[in-house]
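> The following block contains a protein sequence and its predicted model.
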Amino acid sequence: MAWCAIIALHLARQDGRVHSESQENVFIIRWLATALKQHRFPREVAPDITWLLKQGRTSGVGAKMRHKLEYLWRSCAGELSEQNDLFRLTFALETAKDMHWNYRLLSEREWSGRHAVTLNTTLNGIFLSRSSLDIAFNDDGGQINPLKCRLTGNIAGLQQLFARCGWRAEACPDDPDLPYLYTLLSGNGSDLKK
C-alpha cells in the first residue's frame, strides 16, 4: 500500500499536479480515502489507512504524509540494518509501543528535579530526554551524541529488541536523582562520548 501511494504521488508530481508539501498531503489523503472506499487493499491494511487518514486530516501539513509513507515502506522492505541510526531507533520504539511498552518524551522539567516524573518500576516504560534527543542525531539520521533515557520493567527483553535494531542500552552508574538511567548507543556509536 505504501509503495503504491508513493508511486502515485511520484506520477502526480511528474504530471505537474503536485508542487508543494501541502499539495502532497492533499493528494495522499485523497488517494488513501479512495483506496479505502474502493477496497483496493486487503482488509488487514484498512486500520493503517484509517490511521494515516486521521493523521493527515487532523495535522494538515504537519502530518508529513509522504515521510510517513516512506517510513512504512522502508520498514517493510529491505534490511533494517541498512537504514540510518534514527530510522532504526524509531523502528525499535514503534515496535516496543506495539508490544505495549509505554513511551514518552520528557521535558527538562519532567526529566529531573522536584517536578520529575515518578517512574513505576513494574511497568514497561521508555522515557527519553527531549533535550538529549534534540542533539543526538545529525541531518542524515546518524547518531552524533549519546541519547539519555530511563527504562523500567522488562529491560532485558527491551535490550534484545534494541540489539535486533542495531542499538544497545548501557546502564549508567546509579544516581539517586536519576534512577533507571541508560545511554542508548547505535551499533555505529561506539566512539561517542558517554
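Yep, that arrived. Numbering: from 1, shown residues only.

> now the chain, which segments are flagged as low pLDDT?
Within the chain, the stretches with pLDDT under 70 are 75-78, 188-194.

> The same query, at a cut-off of 80, please.
71-72, 74-82, 98, 174-179, 188-194 (pLDDT under 80).

> Backbone torsions only: list them for the residue nearest the centre of the chain.
When CA atoms, centre = their mean is applied to the chain, the residue found nearest the centroid is residue 90 (3.1 Å). When read as degrees, to the nearest 10, the backbone of residue 90 gives phi -60, psi -40.

> so where do the strands sit in the protein?
With DSSP state E as the criterion, the chain has strands at 102-106, 125-129, 147-152, 167-171, 181-186.

> Residue 46: which of those strands is closest?
Relative to residue 46, the nearest member of the strands of the chain by CB to CB is strand 102-106, separated by 24.7 Å. No exception for glycine: its C-beta is placed from N, CA and C like everyone else's.

> ok, and what's touching that closest one?
Contacts to strand 102-106, defined as CB atoms under 8 Å, 6 or more residues apart in numbering, come from residues 93, 96-97, 117, 123-130, 133.

> Let's see that with 10 Å instead.
93-94, 96-97, 110-112, 116-117, 119-120, 123-134, 148-150, 152-153 (CB atoms under 10 Å, 6 or more residues apart in numbering).

> Filter those down to just the buried residues.
Neighbour counting with 16 or more other CB atoms under 10 Å marks 93, 96, 111-112, 116, 119, 124-129, 132-133, 148-150, 152-153 as buried within the contacts of strand 102-106.

> can you put the strands of the chain in CSV and add distance to residue 31?
Converted to CSV, the strands of the chain look like this (distance: least, CB to CB, whole Å):
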stretch, distance to residue 31
strand 102-106, 30
strand 125-129, 33
strand 147-152, 35
strand 167-171, 34
strand 181-186, 34
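
> wouldn't residue 168 be in contact with residue 147 here?
No - with contacts defined as CB atoms under 10 Å, residue 168 does not count as touching residue 147, sitting 11.1 Å away.

> list the residues that contact both of those two?
182, 183, 184, 185, 186, 189.

> wait, which of the residues you listed is closest to residue 8?
residue 186 (33.5 Å).
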